[in-house]
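Participant: Take this sequence and fold it.
(2 chains)
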Amino acid sequence: DGGITQSPKYLFRKEGQNVTLSCEQNLNHDAMYWYRQDPGQGLRLIYYSQIVNDFQKGDIAEGYSVSREKKESFPLTVTSAQKNPTAFYLCASNPSASGAYNEQFFGPGTRLTVL
Amino acid sequence: QKEVEQDPGPLSVPEGAIVSLNCTYSNSAFQYFMWYRQYSRKGPELLMYTYSSGNKEDGRFTAQVDKSSKYISLFIRDSQPSDSATYLCAMSANQAGTALIFGKGTTLSVSS
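Facilitator: Alright, predicted model coming up:
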């Protein structure tokens, strides 16, 4: 099955801890994204990557870090510097980083709760 | 003014009703318009994708884009209880690879 997987589905973090959320895709998509969704809010962009070994900050990158060492993987680390990390985190991918096609496919999400 | 405005609802309709969901936007450079459906605690799934102005129909769903008014709509005909979800509009100015700008989503409930 082709698709985007995120793990874990639920994650609990103690204050002061760093945690890493996994995102893997086997769609051979070039671009990958991380969004954060809070209740009653739309999706807000954290980071995105159009090619391997390159990524850009989104609107709310503070307190987060990413890496893109492989095309199929785009992990997100939520650091202790993120003051309000409890949210639903969504990973997405796009078939092409160039051209006139901008459809994004989403994973199932990870719900992070800070205890 | 936010870039994308979407009435959060909730919107409640009986089964079989025609539903109209809308978004307005301020950036005239937006050219790519999408509607996503998101069930509770799930990732969004793409429903409709439209480039520039016009209408696009797919089964019970019709997407309309009016760039002159900076207004997009999603119509659902013969609504079903399975349509109960949050509907997110999304748009972008640039080509593939760049991020989308999302509305906050409208929560729809269809009762049988």
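
Participant: In chain B, what residue spans correspond to strands?
Facilitator: Using DSSP state E, the strands of chain B run over B:4-6, B:11-14, B:19-25, B:32-38, B:45-51, B:54-58, B:61-66, B:71-76, B:85-92, B:101-102, B:106-111.

Participant: Of those strands, which is nearest A:P8?
Facilitator: strand B:32-38 (19.8 Å; C-beta to C-beta). All C-beta spots, glycine's among them, are computed from the backbone N, C-alpha and C.

Participant: what about the closest one, near chain A?
Facilitator: Yes. Using C-beta under 8 Å from any C-beta of the partner chain, we find that strand B:32-38 touches chain A at B:32, B:34, B:36.

Participant: residue contacts, the closest residue to the last one other than its chain neighbours?
Facilitator: Same thing as B:Y36. Nearest residue to B:Y36 in three dimensions, chain neighbours excluded: B:P44, at 3.8 Å (C-beta to C-beta, 6 or more residues apart in numbering or on different chains). Residues near B:P44 by C-beta atoms under 8 Å, 6 or more residues apart in numbering or on different chains: A:43, A:90, A:106, B:36-38, B:88.

Participant: How about A:L27?
Facilitator: A:L27 neighbours (C-beta under 8 Å, 6+ apart): A:2-4, A:93, A:95, A:105.

Participant: and A:L90, how many residues sit next to it?
Facilitator: Burial of A:L90 is recorded as 26 neighbouring residues (other C-beta atoms under 10 Å in any protein chain shown).

Participant: and whatever helix or strand it lives in, what does it pack onto?
Facilitator: If you go by DSSP states H and E, A:L90 is part of strand A:87-94. Using 3 or more C-beta pairs under 8 Å, 6 or more residues apart in numbering or on different chains; DSSP states H and E, the elements in contact with strand A:87-94 are strand A:4-7, strand A:19-25, strand A:31-37, strand A:105-106, strand A:110-114.

Participant: and among these, the most buried is which?
Facilitator: Mean neighbour count (mean count of other C-beta atoms under 10 Å in any protein chain shown) peaks for strand A:31-37 among these, with a mean of 26.

Participant: Mind listing residues that contact the helix or strand following that one?
Facilitator: Once the chain leaves strand A:31-37, the next helix or strand it forms, by DSSP H and E, is strand A:43-51. Defining contact as C-beta under 8 Å, 6+ apart, one finds that strand A:43-51 is touched by A:30-38, A:55-61, A:64, A:66, A:68, A:74, A:76, A:89-90, A:97, B:44, B:88, B:90, B:97-100, B:102.

Participant: Strand A:43-51: what's the following helix or strand?
Facilitator: Next helix or strand after strand A:43-51 toward the C-terminus (DSSP H and E): strand A:54-57.

Participant: Just give the number of residues close to the closest residue to B:T62 other than its chain neighbours.
Facilitator: Leaving aside its sequence neighbours, B:T62 sits nearest to B:F75 (C-beta to C-beta, 6+ apart; 4.4 Å). Close neighbours of B:F75, defined as other C-beta under 10 Å, add up to 17.

Participant: what's across from B:F75 in the sheet?
Facilitator: On the basis of DSSP bridges, B:F75 is bridged to B:S20, B:T62.

Participant: One more: A:T110?
Facilitator: Here A:T110, judged by DSSP bridges, has bridge partners A:Y89.

Participant: B:S53 - how many residues pack around it?
Facilitator: 14.
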